[in-house]
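Trainee: Take a look and give me a structure for this.
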Amino acid sequence: MNDIKNKIEELRKTLRYHSDRYYNDDAPEIEDYEYDMMMRELKAIEEQYPEYDSPDSPTKRVGGKADNTFESVVHTVRMESLQDAFSKEEILDFDKRVRDTVSNVHYVVEPKIDGLSVSLEYVNGVFSRGSTRGDGDTGEDVSGNLRVIRNIPLKLNEDIPFIEVRGEVYMPKKSFNRVVDRQLINGEKPFKNPRNAAAGSLRQKDSRVTASRGLDIFVFNVQQLEGRELSSHKESLDYLKELGFNTIPFYERVDTIEEAFRCVEEIGEKRGELEFDIDGAVIKVDDFDERELLGSTSKFPKWAVAFKYPPEEKQTELLDIEIAVGRTGVLTPTAVLAPVHLAGTTVSRATLHNQDFINEKGVNIGDIVTVRKAGDIIPEVLCVNEKRSVGNFVFPTVCPSCGEEAIREEGEAAIRCINPECPAQLLRNLIHFCSRDAMDIEGLGPSIIETFVDNGFIKKTSDIYHLDKNEIAKLEGFKETSANNIVTSVEKSKENDLAKLIFALGIRHIGEKAAKLLSDEFKTMDAVMNASVDDILNIEGFGLIMAEAVVEFFESESAKELISELEELGVNMNSKTVIKDNRFEGMTFVLTGTLENYKRSEASKIIEGYGGKTASSVSKKTTYVLSGESSGSKLDKANALGVPVISEAEFEEMIK
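Mentor: Numbering: from 1, shown residues only. The predicted structure is shown next:
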């Protein structure tokens, strides 16, 4: 029996991990189908061995939890998840269970949108609050970000006293492809699928970022209603349309379960042609009184079931493997395939990730491979079905763009070109240099930079500061005003703090935080360039890989030449951090939880203004942990290490 108990615990642990990655980190590691199968296995074992039942089992809970970034919202009406079915037999079993309670039942069938479930509340017809589902009972208030989604009405067509509706925020495929293209150009890790992208976009602290992502919504349920009586789901969907909501598309009311399953199959056939992702179809009892009779389990309503479509897989020939070069010099392989129709679209290219992935799968040109769309969007090679080649594909030892050496450094999966002047990296480096978190040159977005590169205006980074407004104004689509604005923004960027310039240089392993630490520690670009690995390792938060990356970057002749050119052009090379006094000199603070009177960024600036530093993780070197409400693992680690923890009131005493 210990084997059964261990199996149950292992499944629960694995499911909790993947649930957390999916719902809370927006970074799923396995496909939905694999997760569903594990959940089904656990449920079957728990039913067979009820003595191991537990109220905190993943089979008893809705995935997700409220994030500390936003205020918590307690749902008056629980936002339940749905019971899954994977075969027609299971759909028929659902119908039998329903008819055991309700004899003359009618169903409504609708697609199951793959996005992020939200609640929208309206008082007297005006949008008042929006929140995520969270764990079903408690979500997070994301009203500000929901307001920027155009299909969410801020004023309804009727001044209904109160209504709460449930919908699914999603990212259309066109928006997803545009966002991923931008991420790849910037050398960022791309979103895995539109659902992942929608969730990450809705949780942005800056609603302008959310607005730029092109999110949309389908509303599919009335949670609460005052001032109007509704008797059925079909009636409620029709009424939601009248109010001005973008309701779930092509819903249909049917009389039998056979008709319902026909609708499910029809939705499945067209899912590849849709402009949005679906991961199934939902069958719901139409009559609200009948729903009341059927009730719910601890997790699911008994009046609805979600049919999940299995991921479609096809076999095809791998015709070629192309190697592209990213912003950081990483060589990325793409499989060129004999075209195959998959999940509604023709697929001719698929990701191969890196050399380790190729070796693991045993992939080479000429092989017959199985291809699947991850999340029904990104094609990927699953395995080799027929080995027609000899051995595995081997990466080139020179960069396909510039011909310089390409190497794989110890401890890394990536193979990269080490030539900073590589033409393939130029556009991506320029886009990063001009981005908001770097030099913040307004008007120089990816498409405009590409235009300037194509027209020969920019051949290297320093050329940005040689842009001529008269030459820009001659280009098609540009006017004198826009040309002036770009040049003005370029000039303004010369005054940026040293930290922004260091980050803009695109040094491997050096993000915004690390750039700020370098700037605060060494004060001038000259001092940063002459710092040794040991000097940099003295900075709290720096490890050997980061320190070596900084030194290696500034040892290159191209980096020295770029810094010299930028300095001659008037770009600031000094830290602008103003030290009021040195009361926090030598001290390192870690901030955790929600502060009442300060944003974390504001508290960090205060600490730095008194000569102190902030770090993202707690260690024995941490001087204080500044703890606000809802502090998590950092507070636990501080207590375990014996690091002093101070409250916001104590912090304010320290800065008086």
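
Trainee: next helix or strand past the lengthiest helix in the chain?
Mentor: Of all segments of type helix in the chain, defined using DSSP state H, the longest is helix 2-23. Where DSSP states H and E defines the elements, the next helix or strand beyond helix 2-23 is helix 32-48.

Trainee: In that next one, which residues are buried?
Mentor: Residues 32, 35, 36, 38, 39, 42, 45, 46 are the ones in helix 32-48 that count as buried (16 or more other C-beta atoms under 10 Å). Placement of C-beta: from N, CA and C, glycine included.

Trainee: how about a markdown table for those, with distance to residue 157 and pLDDT added?
Mentor: Conversion of those to a markdown table gives the following (distance: C-beta to C-beta, whole Å; pLDDT from 0 to 100):
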| residue | distance to residue 157 | pLDDT |
| --- | --- | --- |
| 32 | 36 | 72 |
| 35 | 40 | 80 |
| 36 | 39 | 79 |
| 38 | 45 | 85 |
| 39 | 41 | 85 |
| 42 | 46 | 89 |
| 45 | 51 | 89 |
| 46 | 47 | 86 |
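
Trainee: ok, so of those residues, who is nearest residue 6?
Mentor: Distance to residue 6 across those (C-beta to C-beta) is lowest for residue 45, with 11.2 Å.

Trainee: Residue 222: what secondary structure?
Mentor: The three-state label given to residue 222 by DSSP: H, G, I helix; E, B strand; the rest coil is strand.

Trainee: Contacts only, for it.
Mentor: Contacts for residue 222 were tallied using C-beta atoms under 8 Å, 6 or more residues apart in numbering; they are 163, 164, 165, 166, 230, 236, 239, 240.

Trainee: Which ones among the residues you listed lie within strands?
Mentor: When the contacts of residue 222 are checked against strands using DSSP state E, the ones located there are 163, 164, 165, 166.

Trainee: how about residue 122, what does it touch?
Mentor: Taking C-beta under 8 Å, 6+ apart as the criterion, residue 122 is in contact with 128, 156, 160, 162, 163, 164, 165.

Trainee: which among the contacts of residue 222 end up buried?
Mentor: When the contacts of residue 222 are checked for burial by 16+ other C-beta under 10 Å, the buried set is 163, 164, 165, 166, 236, 239, 240.

Trainee: Tell me the one among the residues you listed nearest to residue 548.
Mentor: Proximity to residue 548 was ranked across those by C-beta to C-beta; first place goes to residue 166, at 51.2 Å.

Trainee: Quick check: the gap between residue 242 and residue 236.
Mentor: Residue 242 sits 11 Å away from residue 236 when distances are taken as C-beta to C-beta, to the nearest Å.

Trainee: what's the answer for residue 28, then?
Mentor: When C-beta to C-beta is applied, the distance between residue 28 and residue 236 equals 32 Å.

Trainee: on that earlier part again, turn the buried ones among the contacts of residue 222 into TSV, including distance to residue 284.
Mentor: Listed next are the buried ones among the contacts of residue 222 as TSV, based on distance: C-beta to C-beta, whole Å:
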residue	distance to residue 284
163	19
164	18
165	15
166	12
236	11
239	16
240	14
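
Trainee: Looking at these, which is nearest residue 310?
Mentor: residue 166 (26.5 Å).

Trainee: What's the local residue count around the residue lying closest to that closest one once chain neighbours are set aside?
Mentor: Once flanking residues are discounted, residue 166 sits nearest to residue 221: 4.2 Å by C-beta to C-beta, 6 or more residues apart in numbering. Neighbours of residue 221 under the rule other C-beta atoms under 10 Å: 21.

Trainee: got it, and residue 326?
Mentor: Counted with other C-beta under 10 Å, the neighbours of residue 326 add up to 19.

Trainee: Mind listing what's buried along stretch 385-392?
Mentor: So, applying 16+ other C-beta under 10 Å, stretch 385-392 has no buried residues.

Trainee: mind checking how far it is from the chain centre?
Mentor: 35 Å (C-alpha atoms, centre = their mean, to the nearest Å).

Trainee: Same check on stretch 532-544?
Mentor: Distance, centroid of stretch 532-544 to centroid of chain: 30 Å (C-alpha atoms, centre = their mean).

Trainee: measure it end to end?
Mentor: 11 Å (C-alpha to C-alpha, to the nearest Å).

Trainee: Stretch 643-656 too?
Mentor: According to C-alpha to C-alpha, stretch 643-656 extends 23 Å from its N-terminal end residue to its C-terminal end residue.

Trainee: so what pLDDT did the residue nearest to residue 166 get?
Mentor: The predicted local distance difference test score for residue 221 is 96.

Trainee: looking at it, it is touching residue 168, isn't it?
Mentor: No - with contacts defined as C-beta atoms under 8 Å, residue 221 does not count as touching residue 168, sitting 9.8 Å away.

Trainee: Distance check, the residue positioned nearest the centre of the chain against residue 358.
Mentor: Most central residue of the chain, judged by C-alpha distance to the mean C-alpha position with C-alpha atoms, centre = their mean, is residue 200 at 3.8 Å. Distance check for residue 200 against residue 358: by C-beta to C-beta, it reads 29 Å.

Trainee: For the chain, give me the ranges with low pLDDT.
Mentor: Segments of the chain classed as low confidence (criterion: pLDDT under 70) are 1, 20, 23-27, 55-56, 60-69, 185-188, 343-345, 374-378, 420-421.

Trainee: Give me the three-state assignment for residue 535.
Mentor: With three-state DSSP as the basis, residue 535 sits in helix.

Trainee: and the spatially closest residue to residue 508 that is not a sequence neighbour, how many residues sit next to it?
Mentor: For residue 508, the nearest residue in space outside its immediate sequence neighbours is residue 549; the separation is 4.6 Å by C-beta to C-beta, 6+ apart. Around residue 549 there are 19 other residues, counting by other C-beta under 10 Å.

Trainee: Helix or strand next in line after the helix or strand hosting residue 549, which one?
Mentor: Residue 549 is part of helix 544-555 when elements are defined by DSSP H and E. Towards the C-terminus, the helix or strand next in line after helix 544-555, according to DSSP H and E, is helix 557-568.

Trainee: Which elements pack onto the helix or strand following that next one?
Mentor: Tracing the chain C-terminally past helix 557-568 and defining elements by DSSP H and E, one meets strand 588-592 next. Packed against strand 588-592 by the contact rule (3 or more C-beta pairs under 8 Å, 6 or more residues apart in numbering; DSSP states H and E) you find helix 600-609, strand 613-615, strand 624-627, helix 633-641.

Trainee: Would you give the sheet partners of strand 588-592, along with the direction of each?
Mentor: On the basis of DSSP bridges, the sheet neighbours of strand 588-592 come out as strand 613-615 (parallel), strand 624-627 (parallel).

Trainee: how much does that strand deviate in direction from helix 633-641?
Mentor: Following axes from the mean of the first three to the mean of the last three C-alpha atoms, to 10 degrees, one obtains 130 degrees for the angle between strand 588-592 and helix 633-641.

Trainee: how about strand 588-592 as CSV, C-alpha atoms only?
Mentor: The C-alpha atoms that make up strand 588-592 are tabulated as CSV, following Å, rounded to 0.1, in the frame of the first residue of the first chain:
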residue,chain,number,x,y,z
THR,A,588,22.2,45.8,1.3
PHE,A,589,18.4,45.8,1.5
VAL,A,590,15.9,43.2,0.1
LEU,A,591,12.3,44.4,-0.4
THR,A,592,9.4,42.0,-0.1
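
Trainee: can you list contacts of that strand?
Mentor: Applying C-beta under 8 Å, 6+ apart, the external contacts of strand 588-592 come out as 540, 600, 603-604, 607, 612-618, 621-628, 631-632, 634-635, 638, 643.

Trainee: one more time with 7 Å, if that's ok
Mentor: By C-beta atoms under 7 Å, 6 or more residues apart in numbering, the residues outside strand 588-592 that reach it are 540, 600, 603-604, 607, 612-615, 617-618, 621-628, 631-632, 634-635.

Trainee: Tell me how far that strand lies from the chain's centre.
Mentor: In terms of C-alpha atoms, centre = their mean, the gap separating the centre of strand 588-592 from the centre of its chain is 25 Å.

Trainee: ditto for stretch 4-20
Mentor: Averaging C-alpha positions (C-alpha atoms, centre = their mean) puts stretch 4-20 25 Å from its chain's average.
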